[in-house]
Every structure is written in structure tokens, then in C-alpha cells.
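> Just to be clear, the model below is a prediction. Sequence and coordinates:
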Amino acid sequence: MQKKYESMIVIAPKFGEEDAKKENEKIHSSIKKLGGEVQNTDEWGKKQLAYEILDFKEGYYFINYYNLEPAKTSELERTFKLNENIIRYNVLLKS
């Protein structure tokens with residue numbers, strides 16, 4: 001049974017805004033390939049980071065809301081880790 005999840009993704013600022021959105025679309029594709037369904041995305045745009053991450057002082061923020069099988073979350077996290085353009089992420093189970 002699928003559960004509801006929320007992920008905040010911070011994408012490296014080396015891209016323009018449109019390229020950052022395309023990068024988030026790749027995340028949507030990864031979720032769909034794992035059998036999930038993207039419900040909504042909040043785009044926060046380019047924001048200052050609280051502290052430097054990999055020598056970046058800002059990043060593009062996206063919050064994705066989606067349904068996914070709990071067993072597939074580790075595969076999704078692996079996808080996030082392997083993507084060099086994602087400088088920070090989290091996966092939270094929504095109650």
C-alpha cells in the first residue's frame with residue numbers, strides 16, 4: 001500500500017531557473033518509474049542557504065509531495081544521492 005511522502009530537494013545554483021525545474025522533472029520521472037505518483041510540487045525558487053554546502057551559498061528549493069510504496073523509498077534516496085546536481089534532500093513520511 002502506498003503512503004504519502006514529502007521531499008525537500010535543494011538543487012545546485014549552477015543552473016538557471018528553467019534548468020533547475022527540468023532537474024526536478026527528472027525527480028518526478030524517478031518517482032513514477034518506482035511506481036509512485038506525484039501529487040504536487042511547491043517551487044520556492046533560489047534561496048540563500050543557512051550554511052555553505054559543497055561551496056554553494058544558495059540553491060533552488062523544491063518540495064515534492066507524492067505517494068510511494070515504503071519499500072521503494074530507499075531506491076529513491078539512492079537516486080537522490082547519485083545525482084550530483086542535488087546538494088541536499090530529505091524524505092519524510094506524511095501522517
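All right, it came through fine.
> roughly how far apart are residue 34 and residue 40?
18 Å (CB to CB, to the nearest Å). Every C-beta, even on glycine, is put in place using the N, C-alpha and C of the backbone.
> I misspoke; the intended subject was residue 29.
Residue 29 is 16 Å from residue 40, by CB to CB.
> In terms of neighbours, single out the busier of these two.
Ranked by neighbour count (other CB atoms under 10 Å), residue 29 and residue 40 place residue 29 first, with 12 against 9.
> what residues are up against that one?
Applying CB atoms under 8 Å, 6 or more residues apart in numbering to residue 29 gives no contacts.
> Make sure it is indeed in a helix.
Yes: the assignment for residue 29 (DSSP: H, G, I helix; E, B strand; the rest coil) places it in a helix.
> now whichever strand in the chain runs longest, how far from the centre of its chain.
Secondary structure of the chain per DSSP state E: the longest strand is strand 37-53. Distance of strand 37-53 from its chain centroid, counting by CA atoms, centre = their mean, to the nearest Å, is 8 Å.
> so where does residue 81 fall, helix or strand?
helix 73-82 (DSSP states H and E).
> CA atoms of that helix as PDB?
In PDB, the C-alpha atoms belonging to helix 73-82 read as follows (Å, rounded to 0.1, in the frame of the first residue of the first chain):
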ATOM      1  CA  THR A  73      11.900   4.900  -0.600                       C
ATOM      2  CA  SER A  74      15.500   3.600  -0.300                       C
ATOM      3  CA  GLU A  75      15.700   3.300  -4.100                       C
ATOM      4  CA  LEU A  76      14.500   6.900  -4.400                       C
ATOM      5  CA  GLU A  77      17.100   8.100  -1.800                       C
ATOM      6  CA  ARG A  78      19.800   6.300  -3.800                       C
ATOM      7  CA  THR A  79      18.700   8.200  -6.900                       C
ATOM      8  CA  PHE A  80      19.000  11.500  -4.900                       C
ATOM      9  CA  LYS A  81      22.500  10.500  -3.700                       C
ATOM     10  CA  LEU A  82      23.800   9.700  -7.100                       C
END
